[in-house]
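Q: need a structure here:
(3 chains)
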Amino acid sequence: MSDTPLNTGTAEPFVSAELYAQIQQFYARQMGLIDDGRPADWAETFTEDATFQEASRLNAPLKGRTAIRESSTARQARLDADKIDFRHWLAMLDVRPQPDGSLRTRAYALAMRTPRGGALDIFASVVCHDHLVPAGGGWQVRERDLYHDGSGRD
Amino acid sequence: MSDTPLNTGTAEPFVSAELYAQIQQFYARQMGLIDDGRPADWAETFTEDATFQEASRLNAPLKGRTAIRESSTARQARLDADKIDFRHWLAMLDVRPQPDGSLRTRAYALAMRTPRGGALDIFASVVCHDHLVPAGGGWQVRERDLYHDGSGRD
Amino acid sequence: MSDTPLNTGTAEPFVSAELYAQIQQFYARQMGLIDDGRPADWAETFTEDATFQEASRLNAPLKGRTAIRESSTARQARLDADKIDFRHWLAMLDVRPQPDGSLRTRAYALAMRTPRGGALDIFASVVCHDHLVPAGGGWQVRERDLYHDGSGRD
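A: Numbers count the residues shown, from 1 in each chain, chains lettered A, B, ... in the order given. Below is the predicted model of the structure:
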């Protein structure tokens, strides 16, 4: 995690509203894609060479968009079979521009599911550190690192 | 749902920060009104001819501001009688401007309640599709369609 | 609560995107500091003479940054001893500029904890009223008043 942003508190300049609103919209749409059951479109929001370190840390990181697509497609098939509505909430966003024009972001995420006819289960709080790079007027994730609360990493 | 926005992913342009922040503030204030127990003021955030499709889908849609006011007033009386603090969280906002100057929005919502002296219960995850129209320098809801997770609509 | 902002609904002007995004970033960073286990840095986000009215209302308000630092340092020591990851989510932000250049804000907050190897527990919904004052290009909290849902105040 040596290259993820330290939380330097409120001393560093805030980013512009334009950039902040862009990244908020990026995440609303990105999470919307996976929650709508569109893993192939979701995979396109990552760079070809993206790295995705999953929260559970039981598995090795996913390396590359193809691996991300395959993993998320398999995950969606399981959700469909189990008739589960899944939502990713992401908020408390902090954005730190890097000298090369990329961005380091930090956000909180909540993972929740509702089975058909069943009760809402908000089951995980996660801290998401992303490295975003400009792509076609928008942004793509080059690196995602998820810390699962309660996992005691570090 | 044919006229609600498809999630076209991250390819469509983001809206400006000014518009995005306006809509975020609109929802913070709108939900604040209902949660503060002010159903009459809440009703004013809808157009006279607004349609409100409730999450449960057990009832027909509410048609018109008067029906929305009566429904929310009755709901508030029940909450008051039961001494329940109710909160609507709305986030993960996506905004899609329409050619006529109106907006189609999509957002996630969490519904939660805390009885006097009791425990917090976050009991529903909802996807909210709104049609917003300009009104007096701000916005009003002309159409609200709520999908209740786990209800299996599609 | 006489000087906390009334929710005047959607009639009052929205604040600019620049100001709104600044305050969103302020809260993401401020809550990030306490959640990262940095009570001394957290305390610096309050003015020297800040007042902090805790949600539980079992105790008198904290008066002054030193008291806030001591209280949050003791709290962090308990969390560390119990190996608990704690998160403060803050959202549904409303910002009301005051004639003297300060801000009155209202936001919803969720308090949640995850013990090492255990389950997420989102245990409190809180309404946060802050008085923010300009400080070194950013903002500091001069007064924080928390209403804990279910506590039946007023």
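
Q: tell me what the one helix or strand A:Met92 maps to is packed against?
A: Per DSSP states H and E, A:Met92 falls inside strand A:84-97. Applying 3 or more C-beta pairs under 8 Å, 6 or more residues apart in numbering or on different chains; DSSP states H and E, one finds that strand A:84-97 contacts helix A:17-35, strand A:103-115, strand B:84-97, strand B:103-115, helix C:17-35, strand C:84-97. Where C-beta positions appear, they are placed from N, C-alpha and C, glycine not excepted.

Q: and the fifth one with strand C:103-115, angle?
A: Using axes from the mean of the first three to the mean of the last three C-alpha atoms, to 10 degrees, the interaxial angle of helix C:17-35 with respect to strand C:103-115 works out to 30 degrees.

Q: what helices or strands is helix C:17-35 leaning on?
A: Applying 3+ C-beta pairs under 8 Å, 6+ apart, one finds that helix C:17-35 contacts helix A:17-35, strand A:84-97, strand A:103-115, helix B:17-35, helix C:39-43, strand C:84-97, strand C:103-115, strand C:138-148.

Q: state the mean pLDDT of that helix.
A: Confidence over helix C:17-35 (mean pLDDT, whole number) is 98.

Q: and it, how far out from the chain middle?
A: A distance of 10 Å separates the centroid of the chain from that of helix C:17-35, by C-alpha atoms, centre = their mean, to the nearest Å.

Q: quick check: A:Gly37 is in a helix.
A: No - per DSSP: H, G, I helix; E, B strand; the rest coil, A:Gly37 lies outside any helix segment and is coil.

Q: where does it fall, phi/psi-wise?
A: phi 80, psi 40 (degrees, to the nearest 10).

Q: so the residue nearest to it when sequence neighbours are not counted: helix, strand or coil?
A: The shortest distance from A:Gly37 to any non-neighbouring residue, by C-beta to C-beta, 6 or more residues apart in numbering or on different chains, is to A:Gln76 (5.3 Å). The assignment at A:Gln76 comes out as helix when based on three-state DSSP.

Q: could you pull up the residues touching A:Gln76?
A: Shown in contact with A:Gln76 (C-beta atoms under 8 Å, 6 or more residues apart in numbering or on different chains): A:34, A:37, A:39.

Q: up against chain C, what does chain A have?
A: Proximity of chain A to chain C, by C-beta under 8 Å from any C-beta of the partner chain, involves residues A:7, A:9-11, A:13-18, A:20-21, A:91-95, A:106-108, A:110, A:122-125, A:149-152.

Q: need the buried ones from those residues selected in ChimeraX.
A: If you want just the buried ones from the residues of chain A next to chain C in ChimeraX, going by 16 or more other C-beta atoms under 10 Å in any protein chain shown, the selection is:
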select /A:7,9,10,14,15,16,17,20,21,91,92,93,94,95,106,107,108,110,122,124,125,149,150,151
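
Q: any regions of chain A where pLDDT drops low?
A: Scanning chain A for pLDDT under 70 picks out A:1-11, A:55-58, A:153-154.

Q: Three-state assignment for the residue of it most remote from its centre, please.
A: Distance from the centre of chain A peaks at A:Gly117, with 27.6 Å (C-alpha atoms, centre = their mean). Counting by three-state DSSP, the backbone at A:Gly117 sits in coil.

Q: distance-wise, check the closest residue in space to A:Met112 that isn't next to it in sequence relative to B:Asp149.
A: For A:Met112, ignoring the flanking residues on the chain, the nearest one in space by C-beta to C-beta, 6+ apart is A:Ile122 at 4.2 Å. Distance from A:Ile122 to B:Asp149, counting by C-beta to C-beta, to the nearest Å: 11 Å.

Q: go on, A:Asp49?
A: 34 Å.

Q: before we move on, what about A:Pro39?
A: Taking C-beta to C-beta, one finds A:Pro39 at 19 Å from B:Asp149.

Q: over to A:Ala135?
A: A:Ala135 is 31 Å from B:Asp149, by C-beta to C-beta.

Q: the strand holding A:Met92: how far from the chain's middle?
A: Between the centre of strand A:84-97 and the centre of its chain there are 7 Å (C-alpha atoms, centre = their mean).

Q: quick one: it to strand A:103-115, angle?
A: Angle of strand A:84-97 versus strand A:103-115, following the same axes, to 10 degrees, is 170 degrees.

Q: quick one: the helix or strand where A:Thr47 lies to helix A:17-35, angle?
A: Using DSSP H and E, A:Thr47 sits within strand A:46-53. Angle, strand A:46-53 to helix A:17-35, by the same axes, to 10 degrees: 80 degrees.

Q: strand A:46-53 near chain B anywhere?
A: No - on the criterion C-beta under 8 Å from any C-beta, strand A:46-53 is out of touch with chain B, staying 11.0 Å away.

Q: contacts for that strand next, please.
A: So strand A:46-53 is contacted by A:61-65, A:67-68, A:71, A:133, A:135, A:140-146 (C-beta under 8 Å, 6+ apart).

Q: just checking: what are the partner strands of the helix or strand just after that strand?
A: Sequence order places strand A:62-63 as the next helix or strand after strand A:46-53, per DSSP H and E. Neighbouring strands of strand A:62-63 in its sheet, by DSSP bridges, are strand A:46-53 (antiparallel).

Q: pairing partners for the closest residue to A:Gly150 other than its chain neighbours in the sheet, please.
A: Ranked by C-beta to C-beta, 6+ apart and with sequence neighbours excluded, the top spatial neighbour of A:Gly150 is C:Thr114, at 3.6 Å. Note on C:Thr114: beta-bridge partners by DSSP bridges are C:Asp85.
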